[in-house]
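Novice: Curious how this folds, go ahead:
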Amino acid sequence: MTLARRHRWSTVALSIVAVAALAGCSLAEGSDSAEEIEDGSPVYFGVSSATTGQYAEYGEQFRLAFDLAVEEINAAGGIDGHPIELKYEDSQSDPKQSVTVAQKFVADSDVILVFGDYSSAASIPASPIYTDGELLQYGFNNSNPAFTEDGTQWQWSSAITTKANYTWTANYIKELGVDSVAVTYLNTADWGIPAFDAFEEEAERVGLEITAAEGIDATSDDYRPSLTKAVEGDPEAFVHVGYGPDAAKLVSQLRAIGYEGTFFGGQDEASFNSTPEAEGAVIPSQFVETSDDPLVQDFVASFLEKYPQEDDVTLFEATAYDALYVAAAAAEAGGLTREGILAGFEEIADVPSVIYGSITFDQETRRVADPTLTPTTLKDGTWTVYEG
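Specialist: As a prediction, this is how the structure comes out:
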């Protein structure tokens, strides 16, 4: 293991010690201590994600980053001498299957925390099961505010909410001097519609005209009728509220009908990044691979060293990598049981993060306090800071 990797976990551990000292207690005084499990035995985290199905690409991105973080922490001694092991279950990010997965993890007494699911639509239906089982559900990718707002102390997320994201987007587009946009959004009650509502509300507040708006089906292959109608109003820019795969199809068809305005949409994932027509797209991001932040560059270098077949490192790998370190920090702080790791989430602060710089949770919202966003643009298949 390189010095940079060892330093990451050492920094996290030192921050935990500092928090404990400020609180006037020792780590051993947590609600549950590492001594309650056999010396040297593994600490098990569950992962509920798509390893098959339409969201399998995201599940693979998460797995690569999780495995890297586990390797780093275990090489540095694990959590109080206990190695981390992950138990994966394929939910396909489908609400029905995520419920079944939750039941399986709750019944497995070895599992003290579960990551996932990829989508809020899959996570939220499973939340009552995790709550009843008193098993912490870390929806690190879940941006729907309802995941934590309607959840309990057992639901936590380090994802920025859709409302914050699309409020920022509407405001930023207006600040660029754009006066009118056409909008498409995923016609889903759990994510697309609330995200569009947030965008529309902020657009109205700042005076950004929406010339056309239409909900779409992510599984469709032909958006041209909707797009042709949308651009008839001659919008200065086009906004898509959705995921990477649907945005890739949509932007290709948008350019094919001759629209040349800036496209605000897409995601940092393979299908969108490899779409030629997506060049010049603009999105807000918490993570920029080309950042000169030393923590980011150490992570990127370590990731590409372990996975030389990968061309770049995306927000999805970064979120999973951070999430594993946060979970380990919470277990280090609170103890290696379900109750202990919950106590740890309530205690940890300033955990080093490749996304935010450091992570401290707002204890009322159970989300990251004061998250930041950076405008980025797709250039030659890589996302870089957008200067406007």
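Novice: On the secondary structure side, give me the element for Leu304.
Specialist: Assigned by DSSP states H and E, Leu304 falls within helix 294-306.
Novice: scratch that, Ala248 is what I was asking about
Specialist: Using DSSP H and E, Ala248 falls within helix 244-256.
Novice: For that helix, buried residues please.
Specialist: In terms of neighbour count (16 or more other C-beta atoms under 10 Å), helix 244-256 has its buried residues at 244-251, 253-255. The C-beta positions use only the backbone N, C-alpha and C, and glycine is treated the same way.
Novice: Can you list the neighbours in contact with that helix?
Specialist: 54, 184, 186, 216, 218, 220-224, 227, 231, 238, 240, 242, 263, 265-273, 275, 277-278, 281 (C-beta atoms under 8 Å, 6 or more residues apart in numbering).
Novice: what's the domain layout of this protein?
Specialist: Using automatic domain parsing, the domain parsing of the chain gives 3-160+290-374, 162-285.
Novice: lowest-confidence stretch among the ones you listed?
Specialist: Mean pLDDT is lowest for domain 3-160+290-374 among those, at a mean of 89.
Novice: Could you give the separation of that one from the chain centroid?
Specialist: 11 Å (C-alpha atoms, centre = their mean, to the nearest Å).
Novice: distance between the helix holding Ala248 and the chain's centre?
Specialist: Helix 244-256 has its C-alpha centroid displaced from the chain centroid by 22 Å (C-alpha atoms, centre = their mean).
Novice: Contacts for the helix or strand that that helix is followed by, please.
Specialist: Going down the chain from helix 244-256, the next helix or strand is strand 262-264, by DSSP H and E. For strand 262-264, the surrounding residues in contact (C-beta under 8 Å, 6+ apart) are 169, 173, 178, 181, 236-240, 251, 254, 278, 280-283.
Novice: Would you mind checking those residues for buried ones?
Specialist: 169, 173, 178, 181, 236-240, 251, 254, 278, 281-283.
Novice: can you tell me which of the residues you listed are in strands?
Specialist: 181, 237-240, 282-283 (DSSP state E).
Novice: Turn these into JSON lines, columns for distance to Arg63.
Specialist: Shown next, in JSON lines, are these (distance: C-beta to C-beta, whole Å):
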{"residue": "Val181", "distance to Arg63": "36"}
{"residue": "Ala237", "distance to Arg63": "36"}
{"residue": "Phe238", "distance to Arg63": "33"}
{"residue": "Val239", "distance to Arg63": "31"}
{"residue": "His240", "distance to Arg63": "27"}
{"residue": "Val282", "distance to Arg63": "29"}
{"residue": "Ile283", "distance to Arg63": "24"}
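Novice: what are the ranges of the strands in the stretch 251-388 of the chain?
Specialist: Assigned by DSSP state E, counting those that start in this stretch, the stretch 251-388 of the chain shows strands spanning 262-264, 282-285, 351-353, 357-359, 361-362, 367-368, 374-379, 382-385.
Novice: Done for today, thanks.
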